[in-house]
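>>> okay, sequence plus prediction incoming.
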Amino acid sequence: MSDEQSNIAIVQDLYASLSKGDTAHVQEALLDDQVLLQVSGSHHSHAREHTGSQDTASYVPFVQSLASDVTIEPETIAAAGDQVFAVLHIQGHRTDAPSRALDVREVQVFTLANGKITQVTNYSGDQQAKDEFFA
């Protein structure tokens, strides 16, 4: 298996583990201890840099606590060298305001080293919709 194929498998494992709620596996097996997660946006509390495996691994459960029926569906995953790119379709409804829905596409760019994710950067296809949903 090539390095690019191995890196894609790690990112696929990340999404599969998060969909099952297995943040322990994500934190212990997939994330570098000093991983950096950059979340775009300006009007919600999680739009910031998350540093370290624990803070990064807790990001998705935090989002899921704010919203119900959250789905993060990878549509395309590709690699170039030590970077993996994932196009995601993200949907959900606010638990405190069910009429507020989110339906956006986002790109996540991963950097990997030594079989671990060292950096993740999110790029939203509709930042305004994402900001309004999480505000």
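Arrived safely. Numbering: from 1, shown residues only.

>>> so L36 makes contact with F110?
No - here L36 does not reach F110: they are 11.0 Å apart, not a contact under Cβ atoms under 8 Å. For every residue, glycine as well, the C-beta is placed using N, CA and C.

>>> so which elements touch the longest helix that the chain contains?
If you go by DSSP state H, the chain has its longest helix at helix 3-19. Here helix 3-19 touches strand 67-80, strand 83-94, strand 101-113, strand 116-124, going by 3 or more Cβ pairs under 8 Å, 6 or more residues apart in numbering; DSSP states H and E.

>>> rank the ones you listed by mean pLDDT and give me the bottom one.
Of all the helices and strands packed on helix 3-19, mean pLDDT reaches its minimum on strand 67-80 (a mean of 89).

>>> what residues sit buried inside that strand?
For strand 67-80, the neighbour count (16 or more other Cβ atoms under 10 Å) marks A67, V70, I72, P74, I77, A79 as buried.

>>> just want the angle from it to strand 101-113.
Between strand 67-80 and strand 101-113, the angle comes out at 40 degrees (axes from the mean of the first three to the mean of the last three Cα atoms, to 10 degrees).
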